[in-house]
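1. Got a sequence here, can you model it:
(3 chains)
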Amino acid sequence: MMKKQSELYMEISTPVDFNFMECLVHLGRSSQENLYRVQNARVTKVLKLNNELVLFHMTPVKGALRLAFPLGAPTASNSELVRAYVEDWFDLQTDLQDFYAMAQTDSLLSALVQQYRGLRVIGVPDLFEALVWAVMGQQINLTFAYTLKKRFVESYGESLIYEEERYWTFPSPEKIALLSVTDLRALQLTGRKAEYILGIALAMTNGTLSKEQLLQEQDMERSLLEIRGIGAWSANYVMMKCLHSQTAFPLADVGLHNALKVQLNMERKPTQVEITKFAEKWRGWEAYATFYLWRSLL
DNA sequence: TCCCAGGACCGTG
DNA sequence: CACGGTCATGGG
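-> Next up is the predicted model:
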């Protein structure tokens, strides 16, 4: 049945300090990314919502993001889920005024916030995806991490084809929970990481771990650290990318170290003690400070 | 070939 | 509690 064209569109208003093109720089950082596609100023993605694959793309318009559903308008319920996903993904609910005010007084951040103004923390709204991605990225270079994710997604995700390109959903914990260590070893994950991922999938399947639950925790970090395979770095990474914690701070992050080394024109990477000292000024905005520093490496 | 990579776990002292 | 060995493989 034909729908009126107006029903195939939806607009999400964006905050003042929002620059879609800056966000696209982050989104476009890996040519191996297969969970969305960036073409010019358009991002296309598919989500599985209420047991249905929903494809949408978004483009910036004045003061808003325009979402379009080229394969057909979703149900009212699903279109609201897409809206929520996008707001979550681009962190549209956070007011950055205080961050920018703080950053202006910090010699380390002042140039970065001017250069990248409007960049938001690009999130990973799906908790399972955030946790798995954190585990995959541990102790290996980012290029290889993307290779692993690509294999994982294309082995166990769902997909559809639009304009001759295939779009993938991230695998569900239910599907992964049925696998064995051997299955994941075949993707060249280490045995240990395979165990971690299976454990996370199982915990999310049997209901002992969920995003809703974590968001209600007084101490999200402590809860995350109880998960096997999630240490301080991963816990803070997930808090920053999935749980919208502004104070999350992956202190041990190699990318953070490299960015600081460059920004401070150092011969060596700073120690964690030195980083803790710099971060004192960022109190309350550690996640954004980290994200802007990461951005400086692209 | 060597060192490093968006670490975490586990055993030892 | 701090330290170091171990995992395990690709990228540059």
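2. Give me the buried positions along the lowest-mean-pLDDT helix or strand in chain A.
-> Each helix and strand of chain A was given a mean pLDDT (mean pLDDT, DSSP states H and E); the minimum falls on helix A:272-279 at a mean of 90. Neighbour-count burial for helix A:272-279 flags A:275, A:278-279 (criterion: 16 or more other C-beta atoms under 10 Å). Every residue, glycine included, has its C-beta placed from N, CA and C.
3. give the contact list for the nearest residue to A:Glu158 once chain neighbours are set aside.
-> Leaving aside its sequence neighbours, A:Glu158 sits nearest to A:Thr169 (C-beta to C-beta, 6 or more residues apart in numbering; 4.8 Å). Taking C-beta atoms under 8 Å, 6 or more residues apart in numbering as the criterion, A:Thr169 is in contact with A:35, A:46-48, A:53, A:153, A:157-159.
4. Of these, which belong to helices?
-> A:Val153 (DSSP state H).
5. Restricted to strands, list the contacts of A:Thr169.
-> A:46-48, A:53, A:159 (DSSP state E).
6. tell me, which of those residues make contact with DNA strand B?
-> Under the cut-off given by C-beta under 7 Å from any atom of the strand, DNA strand B has nothing from these close to it.
7. Mark which of those residues are buried, thanks.
-> Buried, going by 16+ other C-beta under 10 Å: A:46-47, out of the ones in strands among the contacts of A:Thr169.
8. Going by distance to A:Asp91, which of the ones in strands among the contacts of A:Thr169 wins?
-> Proximity of the ones in strands among the contacts of A:Thr169 to A:Asp91 (C-beta to C-beta) peaks at A:Leu47, which lies at 17.5 Å.
9. Who are the contact partners of the residue lying closest to A:Arg268 once chain neighbours are set aside?
-> Leaving out its chain neighbours, the residue that sits closest to A:Arg268 by C-beta to C-beta, 6+ apart is A:Lys261, at 7.0 Å. Applying C-beta under 8 Å, 6+ apart to A:Lys261 gives the contacts A:268-270.
10. I'd assumed A:Lys261 was in a strand, is it?
-> No - the assignment for A:Lys261, made by DSSP: H, G, I helix; E, B strand; the rest coil, is helix rather than a strand.
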